[in-house]
Each structure stands twice: as structure tokens, then as C-alpha cells.
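> 3D, please:
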Amino acid sequence: MATDRICVGAIAGAFGVKGEVRLKSFCAQPEAIAAYAPLFTEDGSRSFTLRITRSIPNGFAARLSGIATREEADALRGTELFADRDRLPALPDDEFYHADLIGLCVVDTGGNPLGTVRAVFDHGAGDFLEVHAPGRRAPLLLPFTRAVVPTVDLAAGRIVADPPEESEVRGDR
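Residues are numbered from 1 along each chain as shown. Down below sits the predicted model:
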């Protein structure tokens, strides 16, 4: 499921009046985003070099190449920024880029299909996998812990999960 580019940040709008942007970094070391430039829009139609100018609440103020006015900066609000995979650091065996997990088939410990990973969410206390399956009305949310997801096999394109019982998920006793 490897992609050539990984989403490393997003532009939250303009900062000031001289073309700086509010930048949210999705990197483990947030300031490292500048080292992964050039950064691309999702469709690859634009690329930017990046210089962080200062830390601000919830991110950074930054300068992007080719952006000189507040209007140009604000027009990029919501734009996700992608880095070439080969510019990113190699990960240890037990860590994964979210982009590599999306689209993987999920099976239970008996090999029965549970669905496909559609998204990975980080709500602060840890990641959750959103798993969709035909015929299921609501997605299955799996905590992305070693206890619930003991195996991620990128080469085979599958995840083995040991989901908690329904009563445990709802909090029944």
C-alpha cells in the first residue's frame, strides 16, 4: 500500500499580512517538516520550499516559496502538504505511516475478514483504525495497540486484529 508521498502537514490559513501561513505539522518532531521539502499539494500540481519563522499556538508560522501576500496564503487554507517518501526517515519495525495502513484488509485471529482500513485517527491517547465492511452499518473502531492489533503485515497487505467483545466496547458488564 506504499505511496510515493506522505502527508506531513496542512495549512490552516494566513498568519499576518505578509504572506506567512499557519502550519500544522503531522511529524513526530513537528519542526522536522521543513527538512522534508519540497512539499507538494495532494495532486502534485504545486510544490513549495518551507521556512519556519516561529512557533505559534497549535503549530508554526512559516513562509512558503511563491507566497507573498495574505490573500495568497489564505487561499491555501486547508491544503494538505505531502513529502516524497524517500525524504522521510525510516521507521522502526513497530511503527507505520498512516498512509501505509489505509486500504489494508483486516482479519480476526481466526482469519475471518473484518473489513478494510479507511482511516487512522489520533485522539491524543493513541491511534484508532476505522475499519469498514460491506453490510456493517457503522465502522469498527479498533485501538491501534499491540494487544488489539498484534500483526501488521505490509507485504501481505493485511492486519490481524483481536477486537474486544461488543460488551467491552459498549462498557457493559
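> Just want the most central residue of this structure.
When CA atoms, centre = their mean is applied to the chain, the residue found nearest the centroid is His98 (4.9 Å).
> just checking, it touches Phe121?
No: look at His98 against Phe121 with CB atoms under 8 Å: they stay out of range, at 9.2 Å. Every C-beta, even on glycine, is put in place using the N, C-alpha and C of the backbone.
> what touches both of these two?
Common contact partners of His98 and Phe121 (CB atoms under 8 Å, 6 or more residues apart in numbering): Asp127.
> Report the beta-bridge partner residues of the nearest residue to Glu31 once chain neighbours are set aside.
Nearest residue to Glu31 in three dimensions, chain neighbours excluded: Ile52, at 6.2 Å (CB to CB, 6 or more residues apart in numbering). For Ile52, the beta-bridge assignment (DSSP bridges) gives partners Ala62.
> Equivalent analysis for Leu142, please.
Leu129.
> Quick one: residues contacting it.
Val106, Phe128, Leu129, Val131, Val148, Val149, Ala161, Pro163.
> same check, this time on Pro163
So Pro163 contacts Asp108, Leu114, Leu140, Leu142, Val148, Val169 (CB under 8 Å, 6+ apart).
> quick one: which of those is most hemmed in?
Of all the contacts of Pro163, the highest neighbour tally under other CB atoms under 10 Å goes to Leu142, namely 23 neighbours.
> per-residue confidence at that one?
Listed pLDDT for Leu142 reads 93.
> Please apply the same query to the one 3 residues further on.
Residue-level confidence at Thr145 comes out at 91, pLDDT.
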